[in-house]
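Chemist: please find the sequence and the predicted model below.
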Amino acid sequence: MVSKFKERPIRLLSTSLVFILLVASVRSTKAQEKQPDWPFYVVQEGDSLWEIASRFGVGIEDLQSANGITDPSKLSIGAELVIPGLGGYQGRLDTQIISYGETLRSLSRRYRVPREALVRLNRLTSPAELYVGATLIIPFERANSLAGSRASLAPGESLLELAVLRNSNPWTLVTGNGLPGTWAALPGDMLQLAGAGTGGPGALPEAITAVTLNPLPLTQGKTVVIKISGRPGLTLGGSLAGRELRFFEFKDGYVALQGIHAMTEAGLYPLTLTGTLTTKGPPKELNFTFMQPVYVRREDYTFDPVLSVNPETLDPAVTKPEDEQWAALGVPVTAEKMWDGRFQSPVPARFKDCWTSLFGNRRSFNGSDYNYFHSGLDFCGGEGTELYAPAAGRVVFAGPLTVRGNATVIDHGWGVYTAYDHQSEIFVKTGDVVKPGQLIGLGGATGRVTGPHLHWEVWVGGVQVDPTDWLKRSFP
């Protein structure tokens, strides 16, 4: 009796365990199956779970849970991953990087997706979220669709007249651009035309065919190159993070160079483009202005050991007027580009890769807070080390200063300057035109120093930038 009584619970437990395992198995299988009404993404070569989660703005844990993934490293190409948090949308999704010259309206017209759908898919709460380099979620079937040509109504022109001039149908323009009627198109509003075309920034005039920023994202202490492709005769200007941009004709378009200050807080900053263009047909000048945010990311600059220097070189009564004089030297923008290719090293070959302190390092003087940054690149070398011009240019300053010691500044054109501090001797004078590799002075220990060296700066658009970039690559 006892043995029979004990056998029954064991059998019941066994049955319950099997049932639990079956339920768990079914739940696990269902978690890994794509539900028919959920949006999904197809894994591509090179994808990682972290990257996919970042692109679609979801937590990696939520992505794993929604797809029953236990090992994120075992993603298979072609697998369909459910994207959680996008209820109300069905079908396959993809992403595109937002370039400069786009708005919610232009993106809606480019991809033929209603604005409300883009807002919902991308969880948009502010136009600032459509910054340059941001990721836009769109239906897969629209991801590779090429936008056609663009056109805008001239003042006094009707949509019917525009359609006739562009060999199009006015109702095609209405439906393709999400307009409630032919009367709704306004002068200056960029419209997508039907058929194949070269595309281009959807919210900028058709005279501009492309705008690129390099590098992207923008980074503290780096030089950004802004290139604009477009037809000849454009007059362009603008600003980036409050600094004026100067554009110059270059190859098949226009280019502007601008430094991002090393102490710029990470975040979004306005990039404004202004211009004047001449319309087709009866010549007429039109002005335009466009603004879109760009993101500046933080660079991981190191902290130098606390430096002990002459207190006089830290006195605001001395440093403030000298800093103002120094900054003013880099304001003028010479229209002639005098350099060609990469900059040469300003020191002899034996020292060209020997640096005692890098650009951007955070600094403390005499126990102060780390509210200073290193504005240049310090090269090894003792008293009397030869110093050379890295590129052609014109000397705009040569003389003694309290903080910077014996210093030289060379203008290379287009708002690009180089500076040489702490020299023992200066061999050039203001107004001299120098050639690449020309001897301009000798290294020393004048000014605010802890020992002899060359402090070398590169300025772009009035901002000191990382000089190593100019030694490694050719700008623009």
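Modeler: All right, it came through fine.
Chemist: beyond the one helix or strand in the chain whose mean pLDDT sits lowest, next helix or strand please.
Modeler: Taking mean pLDDT, DSSP states H and E as the measure, the chain has helix 2-32 as its least confident helix or strand, at a mean of 39. Counting by DSSP states H and E, the element after helix 2-32 in chain order, helix or strand, is strand 39-42.
Chemist: next, the buried residues of that next one.
Modeler: Neighbour-count burial for strand 39-42, counted by 16 or more other CB atoms under 10 Å, picks out 39, 40, 41. Any C-beta I mention is one placed from the backbone N, CA and C, and that applies to glycine too.
Chemist: and what of stretch 151-158?
Modeler: For stretch 151-158, by 16+ other CB under 10 Å, it's 151, 152, 153, 154.
Chemist: confirm that residue 464 sits in a helix.
Modeler: No: using DSSP: H, G, I helix; E, B strand; the rest coil, the secondary structure at residue 464 is strand, not a helix.
Chemist: show me what contacts residue 358?
Modeler: By CB atoms under 8 Å, 6 or more residues apart in numbering, residue 358 lies in contact with 301, 302, 374, 377, 378, 468.
Chemist: the fifth one reaches residue 357, doesn't it?
Modeler: It stands for residue 378. Yes: Residue 378 lies in contact with residue 357 (CB atoms under 8 Å); the separation is 4.2 Å.
Chemist: if we can go back for a sec, buried members of the contacts of residue 358 into PyMOL, please.
Modeler: In PyMOL syntax, the buried subset of these is picked out as below (16+ other CB under 10 Å):
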select buried, resi 301+374+377+378
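Chemist: closest one of the buried residues of strand 39-42 to residue 114?
Modeler: Closest approach between the buried residues of strand 39-42 and residue 114, by CB to CB: residue 39, at 15.8 Å.
Chemist: and the closest one, what does it touch?
Modeler: Residue 39 is in contact with 82, 83, 86, 89, 90, 91, 92, 93, counting by CB under 8 Å, 6+ apart.
Chemist: now the last one: phi and psi?
Modeler: To tie it back to what came earlier, the one meant is residue 93. phi -120, psi 160 (degrees, to the nearest 10).
Chemist: what about it, how many residues nearby?
Modeler: 20 (other CB atoms under 10 Å).
Chemist: quick one: end-to-end distance for stretch 110-130.
Modeler: This stretch, stretch 110-130, spans 14 Å end to end (CA to CA, to the nearest Å).
Chemist: buried ones in it?
Modeler: Neighbour-count burial for stretch 110-130 [16+ other CB under 10 Å]: 110, 111, 112, 113, 118, 121, 122, 129, 130.
Chemist: ok, which pair from those is furthest apart?
Modeler: Maximum distance among the buried residues of stretch 110-130 (CB to CB): 20.9 Å, for 112 and 129.
Chemist: ok, back up a step: now, the buried residues of stretch 151-158 that are in strands?
Modeler: Judged by DSSP state E, the buried residues of stretch 151-158 include 151, 152 as members of strands.
Chemist: show me the domain layout of this structure.
Modeler: The chain breaks down into these domains under automatic domain parsing: 91-143, 150-297, 311-472.
Chemist: ok so, going back, out of the contacts of residue 39, which sit inside helices?
Modeler: When DSSP state H defines the helices, the subset of the contacts of residue 39 inside them is empty.
Chemist: ranges for the helices of this structure?
Modeler: Using DSSP H, helices in the chain cover 2-32, 49-56, 60-67, 104-111, 115-122, 140-143, 159-165, 170-176, 316-329, 467-472.
Chemist: check which helices and strands the third one sits against.
Modeler: Using 3 or more CB pairs under 8 Å, 6 or more residues apart in numbering; DSSP states H and E as the contact criterion, the elements in contact with helix 60-67 are helix 2-32, helix 49-56, strand 80-82.
Chemist: what's that helix in contact with?
Modeler: 31-32, 49-50, 52-53, 56, 69-70, 72, 81-85.
Chemist: can I get that helix in CSV, CA atoms only?
Modeler: The C-alpha trace of helix 60-67 is given here as CSV (Å, rounded to 0.1, in the frame of the first residue of the first chain):
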residue,chain,number,x,y,z
ILE,A,60,19.2,45.4,-27.1
GLU,A,61,17.4,43.4,-24.3
ASP,A,62,14.0,44.2,-25.8
LEU,A,63,15.3,43.1,-29.2
GLN,A,64,16.6,39.9,-27.8
SER,A,65,13.4,39.2,-25.8
ALA,A,66,11.1,39.9,-28.8
ASN,A,67,13.0,37.4,-30.9
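Chemist: and the angle from that helix to helix 49-56?
Modeler: Orientation of helix 60-67 against helix 49-56 (axes from the mean of the first three to the mean of the last three CA atoms, to 10 degrees) gives an angle of 100 degrees.
Chemist: buried residues in helix 60-67?
Modeler: 60, 63, 64, 66, 67.
Chemist: narrow the contacts of residue 39 to those that are buried.
Modeler: 82, 83, 86, 93.
Chemist: pick out whichever of the residues you listed sits closest to residue 177.
Modeler: residue 93 (23.6 Å).
Chemist: state the pLDDT value of that closest one.
Modeler: On pLDDT, residue 93 comes in at 94.
Chemist: and what of the one 3 residues further on?
Modeler: Predicted confidence (pLDDT) for residue 96: 93.
Chemist: so it sits against residue 138, correct?
Modeler: Yes: with contact defined as CB under 8 Å, residue 96 reaches residue 138; the gap is 6.0 Å.
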